[in-house]
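Asker: Need coordinates for the following:
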Amino acid sequence: MSHAHLNRRQFLHRSSLIAMAPTVPAFLGRTVRATEPNNDGRILVVIQLSGGNDGINTVVPFADEGYAKHRDKLRLSTDRLIKVNDQVGLHPALRPAAKLLENGQLAIVQGVGYPNPNRSHGVSMAIWQTARLDPAEHKTFGWIGRAMDRHSALADGSAHSILLGDEDPPIALRGRRSTSVSLAHLEELKLKASTGLFRASVDDSSDDLLVFARRASLDARSTAALIDEVTKNSASDTSLYPKTELAGRLKSIAQLIKADFSTPVYYAIQSGYDTHAAQLPTHARLLRELAGAMKAFLDDLQAAGLSKRVLTLCFSEFGRRVKENASLGTDHGTAAPVLIAGSSVNSGPLGQPPSMTDLANGDLKMQTDFRQVYATILQDWLGVDSASALGGSFDRLRLIAST
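Answerer: Prediction:
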């Protein structure tokens with residue numbers, strides 16, 4: 001018998017812990033009681049880049065004459081860039097991500113945005129998280145939550161999505177029936193149940209979740225022990241991961257995936273991208289942390305033989321203005337690249353980089369609607385109908401490689 005990780009069948013024979021911890025919510029209990037892991041189940045990992053990432057200095061359009069014209073102080077020299085093709089290059093801090101590109105594991109969707117862009121952090125993030133342009137729909141349900149509502153009939157009772165981090169759960173995960181869990185750390189399970197935020201799945205009563213939420217502090221030890229029992233033999237090689245917050249979160253996600261949790265969606269947040277001043281050092285640090293964490297995560301999954309099951313999506317609520325400001329930073333803009341990593345992507349840039357001379361009120365023009373990215377992931381990766389989740393049908397992209 002392989003000891004690479006403790007699967008659910010093995011755990012069933014060691015499950016006295018369940019009996020000792022009756023206050024663990026039903027959705028988690030069913031996860032570890034299931035008789036067979038769903039090894040064919042595909043998984044989506046979302047990394048939210050909060051603040052508005054400067055896509056122009058992430059995937060750099062060095063061949064566009066507008067880059068030198070509008071980025072006098074913030075321009076990255078061409079000889080430092082990691083060339084992707086004869087038009088664009090990656091920021092030098094993204095060298096680990098360039099390795100993914102070399103390995104055929106990174107797709108770059110260029111110029112992603114939405115019609116009539118909004119430069120408010122809150123409004124634009126709500127648009128991305130709900131896949132709805134109408135502000136009246138920004139406090140209801142999110143695109144992932146809606147999709148997981150459709151996924152409920154296929155779920156085995158596991159939480160449909162897990163946020164790794166201590167941030168407030170994003171509206172993207174909120175569904176009518178699907179369940180979502182927040183984990184600050186693997187040692188501390190925290191179910192954040194507020195009115196209408198996390199609804200029980202068909203097999204759970206809301207009382208079960210609310211009782212657990214009220215008693216979480218009392219049951220933290222037994223719950224942490226349960227998760228520890230399931231994940232301790234699926235521990236990730238810590239030497240793979242940089243010692244950053246994002247890397248730690250992705251390492252925890254990798255442990256849960258390797259422990260055969262059947263949760264289809266995981267979510268992590270990296271903050272700090274609102275670079276109005278002194279952008280160069282801050283942006284370089286953030287991109288270095290992002291690329292290092294992503295590379296370690298994919299290497300970890302590759303070593304476990306799971307890389308073909310996992311797709312990672314990186315997005316930000318908007319890009320930055322084309323022209324730098326007087327504080328050596330950039331202000332809120334519009335379109336920006338979206339990064340999608342995994343062993344099942346069609347690697348390389350998708351679409352043309354937005355022009356830096358043909359602008360819309362000083363901003364980049366959108367090339368791809370973000371809902372096309374979502375539709376592709378939902379239908380071609382997770383196998384979920386996208387129309388109800390996104391409020392309409394959108395043309396899909398050639399993101400997922402044929403198998």
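Asker: For the residue nearest to residue 173 when sequence neighbours are not counted, name its beta-bridge partners.
Answerer: Taking C-beta to C-beta, 6 or more residues apart in numbering as the measure, residue 173 lies nearest to residue 180, with 4.2 Å between them; neighbours along the chain are not counted. Bear in mind the C-beta positions are built from the backbone N, C-alpha and C, glycine included. Note on residue 180: beta-bridge partners residue 161, judged by DSSP bridges.
Asker: how close does residue 180 sit to residue 349?
Answerer: In this structure, residue 180 and residue 349 are 33 Å apart, going by C-beta to C-beta, to the nearest Å.
Asker: Looking at the two, which is more packed in?
Answerer: Per other C-beta atoms under 10 Å, whichever of residue 180 and residue 349 has more neighbours is residue 180, with 28 against 18.
Asker: OK, contacts around the more buried one?
Answerer: For residue 180, the set of contacting residues under the criterion of C-beta atoms under 8 Å, 6 or more residues apart in numbering consists of 145, 159-163, 169, 173-174, 198.
Asker: Kindly report the same for residue 107.
Answerer: Taking C-beta under 8 Å, 6+ apart as the criterion, residue 107 is in contact with 339-341, 345-350, 399.
Asker: Residue 386 is in contact with residue 379, correct?
Answerer: Yes - under the criterion of C-beta atoms under 8 Å, residue 379 is in contact with residue 386, at a separation of 5.1 Å.
Asker: and these two? which has more neighbours close in?
Answerer: Just comparing residue 379 and residue 386: by other C-beta under 10 Å the higher neighbour count belongs to residue 386, 26 against 19.
Asker: helices or strands up against the longest helix anywhere in the chain?
Answerer: Ranked by residue count and defined by DSSP state H, the top helix of the chain is helix 279-303. Here helix 279-303 is seen to pack against strand 43-50, helix 95-102, helix 245-258, strand 265-271, strand 310-316 when contacts are counted using 3 or more C-beta pairs under 8 Å, 6 or more residues apart in numbering; DSSP states H and E.
Asker: need those in CSV with mean neighbour count, mean pLDDT and distance to residue 141, can you?
Answerer: Formatted as CSV, those follow (neighbours: other C-beta atoms under 10 Å; pLDDT from 0 to 100; distance: least, C-beta to C-beta, whole Å):
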stretch, mean neighbour count, mean pLDDT, distance to residue 141
strand 43-50, 22, 98, 16
helix 95-102, 19, 96, 32
helix 245-258, 24, 94, 23
strand 265-271, 22, 98, 14
strand 310-316, 24, 99, 18
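Asker: mind giving me JSON lines with those and columns for distance to residue 120?
Answerer: As requested, the helices and strands packed on helix 279-303 are exported to JSON lines (distance: least, C-beta to C-beta, whole Å):
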{"stretch": "strand 43-50", "distance to residue 120": "13"}
{"stretch": "helix 95-102", "distance to residue 120": "29"}
{"stretch": "helix 245-258", "distance to residue 120": "25"}
{"stretch": "strand 265-271", "distance to residue 120": "17"}
{"stretch": "strand 310-316", "distance to residue 120": "14"}
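Asker: closest one to residue 116 among those?
Answerer: Nearest of those to residue 116, taken as C-beta to C-beta: strand 310-316 at 18.1 Å.
Asker: quick one: contacts of the closest one?
Answerer: Contact with strand 310-316 is made by 42-53, 55, 112, 128, 257, 273, 290, 294, 297-298, 301, 336, 338-342, 344-345, 370, 373, 377, 381, 400, as judged by C-beta under 8 Å, 6+ apart.
Asker: related to what we said a few turns ago, any idea of the pLDDT on the residue nearest to residue 173?
Answerer: Looking at residue 180, its pLDDT stands at 87.
Asker: Pull the distance from the longest helix of the chain to the chain's centre.
Answerer: Relative to its chain's centre, helix 279-303 lies at 13 Å (C-alpha atoms, centre = their mean, to the nearest Å).
Asker: Also stretch 62-82?
Answerer: Going by C-alpha atoms, centre = their mean, the spacing between the C-alpha centre of stretch 62-82 and its chain's C-alpha centre is 29 Å.
Asker: In it, which residues are buried?
Answerer: 62, 64, 66-67, 70-71, 74-76, 81-82 (16 or more other C-beta atoms under 10 Å).
Asker: which stretches of the stretch 51-200 of the chain form strands?
Answerer: Taking DSSP state E, counting those that start in this stretch, the strands of the stretch 51-200 of the chain run over residues 59-60, 82-83, 89-90, 106-113, 161-164, 180-185, 188-190.
Asker: What average pLDDT does the second one get?
Answerer: Per-region confidence: strand 82-83 scores 98 on mean pLDDT.
Asker: Tell me where this protein is predicted with low confidence.
Answerer: Within the chain, the segments meeting pLDDT under 70 span 1-40, 152-158, 187-238, 403.
Asker: Let's check: the centremost residue of it is which one?
Answerer: With distances taken as C-alpha atoms, centre = their mean, the chain has residue 46 as the residue nearest its mean C-alpha position (0.9 Å).
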